[in-house]
Each structure stands twice: as structure tokens, then as C-alpha cells.
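Trainee: got a structure for you, letters missing:
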């Protein structure tokens with residue numbers, strides 16, 4: 001679980017933006033659920049929540065964060081989640 005959280009943090013940091021991202025109220029809870037599913041290694045469930053978030057996104061920030069979590073999901077499912085030092 002710590003590894004997945006580290007991956008999510010790394011993906012968000014690698015976005016390269018020093019500007020804070022704010023997701024819309026309809027997207028935020030779905031992204032939190034997707035992250036929980038990702039940490040539980042339920043990749044199919046995480047993708048389903050990301051698809052739901054994609055359907056209700058209203059801003060560029062929504063899209064950026066959805067895509068970041070989607071890339072983290074793909075990486076973890078491929079077995080390339082970095083390990084904790």
C-alpha cells in the first residue's frame with residue numbers, strides 16, 4: 001500500500017507543474033475512490049472510477065489529475081511501481 005501511495009505521489013510530482021491543481025466537486029470523490037482501489041490493487045475498479053470521473057470532468061485540472069492517476073494505474077498493473085527506499 002505504501003508503494004502505491006509513493007507511486008501516486010511520484011506521478012503527481014513528475015507532472016512538472018509548480019501550480020496547485022484543483023479538481024471539481026464532482027470529480028474529487030471519484031478520484032479518491034480510484035486511489036483507494038489502486039492502493040488495494042483493484043486496477044479494474046480504479047479504471048471504472050476514472051471513467052466515471054472522465055464523464056463528469058469540467059476543467060483542465062480535472063483532466064490532468066485523472067490522466068495522472070490513470071498512468072499510475074497502468075504502471076502499477078504492469079508491475080513497475082517503484083519500491084520504497
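Mentor: Good, I have the coordinates. Keep in mind it's a predicted model, so treat the numbers as computed, not measured.
Trainee: Return the set of buried residues in the top helix by length along the chain.
Mentor: Looking across the chain with DSSP state H, the single longest helix is helix 60-77. Buried residues in helix 60-77, counting neighbours by 16 or more other C-beta atoms under 10 Å, are found at 61, 62, 64, 65, 66, 68, 69, 70, 72, 73, 75, 76. Yep, even glycine has a C-beta here, placed from its N, CA and C like the rest.
Trainee: for that helix, packing partners?
Mentor: helix 2-14, helix 28-39, helix 43-56 (3 or more C-beta pairs under 8 Å, 6 or more residues apart in numbering; DSSP states H and E).
Trainee: and it, what's its mean pLDDT?
Mentor: The average pLDDT for helix 60-77 rounds to 94.
Trainee: Distance from stretch 65-83 to the middle of the chain?
Mentor: The chain centroid and the centroid of stretch 65-83 are separated by 8 Å under C-alpha atoms, centre = their mean, to the nearest Å.
Trainee: cool, and stretch 35-44?
Mentor: 10 Å.
Trainee: Any idea which residue is closest to the centre of the protein?
Mentor: Residue closest to the average C-alpha location in the chain (C-alpha atoms, centre = their mean): residue 69, at 2.0 Å.
Trainee: burial count for the closest residue to residue 64 other than its chain neighbours?
Mentor: Using C-beta to C-beta, 6 or more residues apart in numbering and skipping the chain neighbours, the partner closest in space to residue 64 is residue 21 (5.9 Å). By other C-beta atoms under 10 Å, the residues close to residue 21 number 14.
Trainee: go on, the one 4 residues further on?
Mentor: When counting by other C-beta under 10 Å, one arrives at 8 neighbours for residue 25.
Trainee: mind listing what the residue nearest to residue 33 when sequence neighbours are not counted touches?
Mentor: Closest residue in space to residue 33, ignoring its immediate chain neighbours: residue 49 at 4.8 Å, by C-beta to C-beta, 6+ apart. Neighbour list for residue 49: 30, 31, 33, 34, 37 [criterion: C-beta atoms under 8 Å, 6 or more residues apart in numbering].
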